[in-house]
Structures are given as C-alpha cells and as structure tokens.
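> 3D, please:
(one chain, ligands or ions: 1)
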Amino acid sequence: MRQKLLNEGAKELSYEIREIVKKADQLKKLGVAVSWENIGDPIQKHHKLPQWIKDIVSDLMKQDDTYSYCPSKGMLETREFLAKQTNAMGGVQITAEDICFFNGLGDAISKAYQFISRTSRVIGPTPAYSTHSSAEAAHAAHEPLTYKLDPNNKWYPDLDDLYNKVKYNPNIVGILIINPDNPTGMVYPLEILKRIVEIAKEFNLFLIADEIYINITYNGARAYALAEIIGEIPGISMKGISKELPWPGARCGWMEYYNRDKDEDFNRFCNALDNAKMIEVCSTKLPQVAIPKILGDPRFKVYRDETNKNIGRRSRIISDILKTVPQLTFNETFGAFYNTIIFRDGTLRHDQSMKIADPKVKALVEGWISQNHIELDKRFVYYLLAAKGVCVVPISSFCSELQGFRVTLLEEEEDALVKTFTAIRDGIVEYLGS
Ligand SMILES: Cc1ncc(COP(=O)(O)O)c(C=O)c1O
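The predicted structure follows:
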C-alpha cells in the first residue's frame, strides 16, 4: 500500500480572489456581463503604461544578453541600485548581498514560510491577504495565526490583541506587517509601527514587512518603510514591481534582509532563502534589468505621483457612493488600491436576495447558496455577481470573522467606475431591504 500522498498543510491553501472567477465564468456562459472587482491588476482595469517605459523594455528585448540566465540572487547592478535606494532612507544600511530576487513576490512569500521550522509561527493581520496566510498555515499544517485589524478604528491593528497573542504563544517567531495593507487600504501610522518593533524586541522576534504597495499612497498619507523604523531588529522587507510599475506579468519581486549581522539564527535563515533560489538557478531576468532604468528615471516619480493621485480621486468617488449606506462600516483608504467594506452586525441573514430576471441564472445561484454553512457575506457576493454582474471577494475568505467584501480602486474609466459602484450600492440596499 502506498504511504499518504498529501501533506497535512495542503488543505490550508486557498485563494478566493481567483476561486470566485470560476463562479463568475459560469455566469458569463449564461450571458451575465461581469465587472471584475476581484483582482488587483491595474492593467486589467485599463491602466496604460507610459510609452517611455514600454520603449525601455522593448530596447532591452533587442539585446542578446537579455535572454540568458542571470546570477541566482539577481542582477548585481539592480541589487546595488535597490540597496542605494533603501540606504538613502537613512535607516538600516544594506548591500547588494542583502537582496535576493524571486519570481514575483508570491514566490518570495511561499519560500519564506517554507523554510521556517514547522513548529514556529509568524503572526499576521486579519483580514489576511491569502498568499501570506495560506503559505504560513500550510507550512505549519495549522490554521493561520492572526492579529486583528479594527474596522471601527480606521483598520489600525489592535495592538493589545497582537501583544497578548505574542506573549502567550511561545511558538511565534515573527510578526508580519502588510504596509500599505491589502485588503483594507490602511497605512500603518508611525507610532503603531514603532510599537510593533518594540514588541518584536521584547520577545526576540523577527519582522516581515510586505511593502509591495509602499510607494502607493494618496489622500495625504505617507507610508514608513521597515528600513526606517526597524533599528537593530532582524527583518525582511518584501518588495516588487507588480503594483507600482505596474508589471504583474513580469513575475518579479525581491527580499531585502535587514540586520543579518546582528542575529546568527536569522542570518542562517536568509542564507537558506538564497540557497533555495540557487537550486532553481535564478529568477526572471528582463524585469530585473529594466528596474534601474525605469525606477531610476526622473519621469518615474512624476508618473507614480499622478497615478497615485488618480487612485485617491477614485477612492473619494467610491466613498461618496458607499459611505452613506447606514448598514455598512466604511473606512476611507490611504494606500494600496483596495477597500474592505463591512456589514454591521446582524444586517446579513440567510433569507435575503436580489431580483434575478433570468431563470437559469437564478437557479444556478440558488444551487450555490443552498450549500450547508455558506458564509453570509459569500451568499451576498454570489447574489451581487448574478444580479448586478459585479465580482467582489467576500471578506470571510481573508481569514476574518467579519462579514463584508473587498473592492478595488482601479477602474480607470470613470463612467464604468461610477456604474459599478452604484450597482454595488443598489444591490446592497435591495438585498438588505428584502
Ligand atoms: C500584499 C501583497 N503581497 C504580494 C502580492 C503578490 O505579488 P506578485 O504579483 O509580485 O506575486 C500581492 C498581490 O496582490 C499583494 O497584494
């Protein structure tokens, strides 16, 4: 008889941001026109890269050298460029040796948790971005371990919850921060970051900061990078170009290791991550070569500032449409390009619905919601998809006890944006009033 095939942790792997697409595709086949609010891909939402960026990439594609392998940790010039950018913040200082490239930040995230000892845990925020929470939970073959972000306090982390969980769980070796946050759009205030560093110091933990949105802030906010506040605590900053360039299809992200000289155990962990990349040979080369040319071009800041301003403007349009619904907890956003909107306690029930004219579409949705124990927010999301053609992600899928949904702030065509969010609001009003 064959031994057991599947690892215990495999059941922790789920990604509702893409799961919901399977449902939406079934509805599309029945003629429902879908507006995609599920995924954070600016290009899918009609964002166009400036021509000068495309010219840089097409020039690189004409050079033979672009097609070869590159060093395992990534192109040296690029790592030097990035180390210089980090050092210019005036906090922790690194060299090119403290940077390692991966095939997208998703690859970096799964490697990071994979090489943490099985019984050791990293605590992260809830609502949780599933790439982190699933990978961490799969490594430990246990449910994710989380600290609360509080929708009634601007989505700031509940520091008492974090402190107590760290204090009473000796298996915790690290704290994850996602700053700015996906899925809430919250930007961690400086004081809160400093307190998290203090907690890490008190309990001898390391920090992971997912900073893929670090340069995407708006409405007057500024995100403080881990490098600025970490002091002498060991930590990893995770960065990438999927969102801020944006070039998600390039599959290019990197880790920056901070203070490895101050903690030998942490240093061995960083070496293991480098070695894991070495046995794969290397990560995608073309985007690495393009990074200093694009991010180092003075036009990049102008472009990013303008793009951020537009996200901020869209956040206010969305706010004007949804903020007034009394059954919702709605927070303004300041970073990344998502908002998580929560239904107040007791507003969702199992007997609510929206009108669906097509009997085949209605039958399909009624089949989905008849499953036992369907989460109330998932039930709402299925109705919204079928009745209004808007595909959002239920917040219960982000390891959260809250009921709500995540939207993006990405639609570049303003008429389409207003139409989609008006449809969401009308759907909510109809559903809750039914
Ligand atoms: C917080 C966060 N980290 C990492 C990723 C994954 O990035 P990549 O496309 O580089 O794998 C995402 C993608 O949405 C994200 O939101």
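> pLDDT below threshold where in the stretch 251-400 of the chain?
Applying pLDDT under 70 to the stretch 251-400 of the chain picks out no residues at all.
> and the closest residue to the ligand within it, how many residues sit next to it?
For the stretch 251-400 of the chain, the residue positioned closest to the ligand under CB to the nearest ligand atom is Gly253, at a distance of 4.2 Å. C-betas here are computed from N, CA, C, even on glycine. Neighbours of Gly253 under the rule other CB atoms under 10 Å: 25.
> who does it bridge with?
In this entry, Gly253 is beta-bridged to Phe102, Gly240, by DSSP bridges.
> List the contacts of the lengthiest helix in the chain.
Identified as the longest helix of the chain according to DSSP state H is helix 298-322. Helix 298-322 has contacts (CB atoms under 8 Å, 6 or more residues apart in numbering) with 47, 50, 52-53, 185, 215-219, 244, 294, 328, 330, 332-333, 337, 339, 341, 407, 409-412, 414, 417-418, 421-422, 424-425.
> Which of the three states applies to the most centrally placed residue in the chain?
Centroid-nearest residue in the chain, with CA atoms, centre = their mean: Asn182, separated by 4.1 Å. Put simply, Asn182 is coil when judged by DSSP: H, G, I helix; E, B strand; the rest coil.
> Leaving out sequence neighbours, find the closest residue to it.
Tyr129 (4.7 Å; CB to CB, 6 or more residues apart in numbering).
> Against Val197, how distant is that neighbour?
In this view, Tyr129 and Val197 are 21 Å apart by CB to CB, to the nearest Å.
> who has more neighbours, these two?
With neighbours defined as other CB under 10 Å, Tyr129 and Val197 compare such that Tyr129 has more, 26 against 21.
> I'd assumed Ser397 was in contact with that one.
No. Using CB atoms under 8 Å, Tyr129 is not in contact with Ser397, being 10.9 Å away.
> Does Ala416 touch Ser35 like I think?
Yes. Ala416 is within contact range of Ser35, at 7.2 Å (criterion: CB under 8 Å).
> how about stretch 138-147: buried residues?
Neighbour-count burial for stretch 138-147, counted by 16 or more other CB atoms under 10 Å, picks out Ala138, His139, Ala140, His142, Pro144, Leu145, Thr146, Tyr147.
> on that earlier part again, show me the contacts for the residue nearest to Asn182.
Contacts for Tyr129 were tallied using CB under 8 Å, 6+ apart; they are Ile178, Asp181, Asn182, Pro183, Asp210, Phe398.
> Could you find the lowest-pLDDT member of the residues you listed?
The member of those with the lowest pLDDT is Phe398, at 92.
> How many residues are close by Ala357?
Count around Ala357 with other CB under 10 Å applied: 7.
> just the helices in this protein please.
Under DSSP H, the chain gives helices at 16-29, 51-61, 76-87, 104-114, 130-140, 159-168, 190-202, 226-229, 264-279, 286-295, 298-322, 359-369, 376-383, 414-433.
> contacting residues around the third one?
Residues from elsewhere that reach helix 76-87, judged by CB under 8 Å, 6+ apart: 73, 92-99, 101, 225, 227, 237, 239, 254, 256, 288-289, 291-292, 295-296.
> Kindly provide the distance from the closest residue to Val32 other than its chain neighbours to Leu30.
Closest residue to Val32 apart from its sequence neighbours, by CB to CB, 6+ apart: Gly389 at 5.3 Å. Distance, Gly389 to Leu30, using CB to CB: 11 Å.
> next one: Val166
As judged by CB to CB, Val166 and Leu30 stand 49 Å apart.
> Could you do Leu149 as well?
37 Å.
> between these two, who's got more neighbours?
Taking neighbours as other CB under 10 Å, Leu149 and Leu30 compare with Leu149 leading, 25 against 12.
> Distance check, the residue nearest to Asn182 against the ligand.
From Tyr129 across to the ligand, the span is 5 Å (CB to the nearest ligand atom, to the nearest Å).
> Kindly report the same for Arg425.
Here Arg425 is placed at a distance of 25 Å from the ligand (CB to the nearest ligand atom).
> what's near enough to touch that residue?
By CB under 8 Å, 6+ apart, the residues touching Arg425 are Ile321, Leu322, Val325.
> Tell me if I'm right that the last one and Gly427 touch.
No. Val325 lies out of contact with Gly427 (CB under 8 Å); the separation is 10.7 Å.
> And these two? Which one has more around it.
Gly427 (21 against 18).
> need the contact list for the more buried one.
Counting by CB under 8 Å, 6+ apart, Gly427 makes contact with Met354, Tyr383, Leu384, Ala387, Lys388, Val390.
> Show me what the last one is bridged to.
Using DSSP bridges, the bridge partners assigned to Val390 are Ser35.
> neighbours around it, how many?
Val390 has 23 neighbours, counted by other CB under 10 Å.
> The ligand contacts on the stretch 1-150 of the chain?
Gly40, Gly104, Leu105, Gly106, Tyr129, Thr131 (CB under 6 Å from any ligand atom).
> rerun at 5 Å
Counting by CB under 5 Å from any ligand atom, the positions of the stretch 1-150 of the chain adjacent to the ligand are Gly40, Gly104, Leu105, Gly106, Tyr129.
> Go through stretch 71-82 and flag the buried ones.
Pro71, Ser72, Lys73, Gly74, Met75, Thr78, Arg79, Phe81, Leu82.
> With stretch 249-268 instead?
Buried-residue list, stretch 249-268, by 16+ other CB under 10 Å: 250-260, 263, 266.
> Can you pick out the residue with more neighbours from Ala416 and Ser35?
Using other CB under 10 Å as the criterion, Ala416 and Ser35 rank with Ser35 on top: 21 against 13.
> check contacts around Pro183.
By CB under 8 Å, 6+ apart, the residues touching Pro183 are Pro127, Tyr129, Tyr338, Thr340, Val393, Ile395, Phe398, Arg406.
> Can you lay out those residues as JSON lines showing distance to Lys378?
Formatted as JSON lines, these follow (distance: CB to CB, whole Å):
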{"residue": "Pro127", "distance to Lys378": "14"}
{"residue": "Tyr129", "distance to Lys378": "18"}
{"residue": "Tyr338", "distance to Lys378": "18"}
{"residue": "Thr340", "distance to Lys378": "15"}
{"residue": "Val393", "distance to Lys378": "9"}
{"residue": "Ile395", "distance to Lys378": "10"}
{"residue": "Phe398", "distance to Lys378": "12"}
{"residue": "Arg406", "distance to Lys378": "12"}
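> okay, now Ser396: neighbour count?
Using other CB under 10 Å, Ser396 is surrounded by 20 other residues.
> residue of the stretch 201-350 of the chain with the smallest distance to the ligand?
Nearest residue of the stretch 201-350 of the chain to the ligand: Ser242, at 3.4 Å (CB to the nearest ligand atom).
> number of nearby residues for the residue nearest to that residue when sequence neighbours are not counted?
Leaving out its chain neighbours, the residue that sits closest to Ser242 by CB to CB, 6+ apart is Pro248, at 3.9 Å. Counted with other CB under 10 Å, residues neighbouring Pro248 total 20.
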